[in-house]
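Visitor: Return atomic coordinates for the entry below.
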Amino acid sequence: MSAPWNFTRFLPLAERLLSRGRLPALLFAVARKGPKLGQLREDLRLMQALCLAWWRGEYRAISPKALVTIVAGLLYFVSPLDAIPDWLLGVGFLDDIAVLSWVLKTVADELGRFKDWRSSQAPEKLRVVERLPDSPEALRLERLGH
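Guide: As a prediction, the model looks like this:
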């Protein structure tokens with residue numbers, strides 16, 4: 001299955017974001033914009049949890065291609081200027097939902113392995129690993145402290 005049009009331009013942006021250590025800023029943008037209801041909320045939380053665990057060095061069992069795909073999907077989601085601008089009430093999120101659905105389907109095996117890893121972790125550890133601190137800078141500094 002090929003990527004949705006307009007999504008592929010987010011792949012190099014995701015690679016640059018990861019290489020420059022800017023993942024915390026994206027995760028905070030996702031948390032701010034995230035939907036309030038439904039399965040999409042849970043799917044976004046799962047991808048965010050995976051990114052947080054990867055950022056903190058706790059979970060590295062993901063292929064670089066899958067990580068870039070997830071990050072590109074999150075970038076697409078937070079971008080106000082994608083195929084259908086988000087400010088168009090009623091339809092602005094339709095393309096976001098389509099792209100995120102494609103991402104979830106594309107990396108389903110990787111997300112399944114992450115879910116298995118999560119289920120093998122102590123709840124106390126997951127609370128620390130998946131906690132989003134007060135600011136992107138705090139998350140960057142936290143990583144430097146390790």
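
Visitor: for the single longest helix found in the chain, packing partners?
Guide: Of all the segments of type helix in the chain, defined by DSSP state H, the longest one is helix 38-55. Where contact means 3 or more Cβ pairs under 8 Å, 6 or more residues apart in numbering; DSSP states H and E, helix 38-55 is packed against helix 23-33, helix 64-78, helix 94-106, helix 108-119, helix 123-129. In this view, the C-beta of every residue, glycine as well, is placed from N, C-alpha and C.

Visitor: between those helices, which gets nearest to Ala3?
Guide: The closest approach between Ala3 and any of the helices and strands packed on helix 38-55, judged by Cβ to Cβ, belongs to helix 94-106 at 6.8 Å.

Visitor: Show me what counts as buried in that closest one.
Guide: For helix 94-106, burial by neighbour count (16 or more other Cβ atoms under 10 Å) applies to Asp95, Asp96, Val99, Leu100, Trp102, Val103, Leu104, Thr106.
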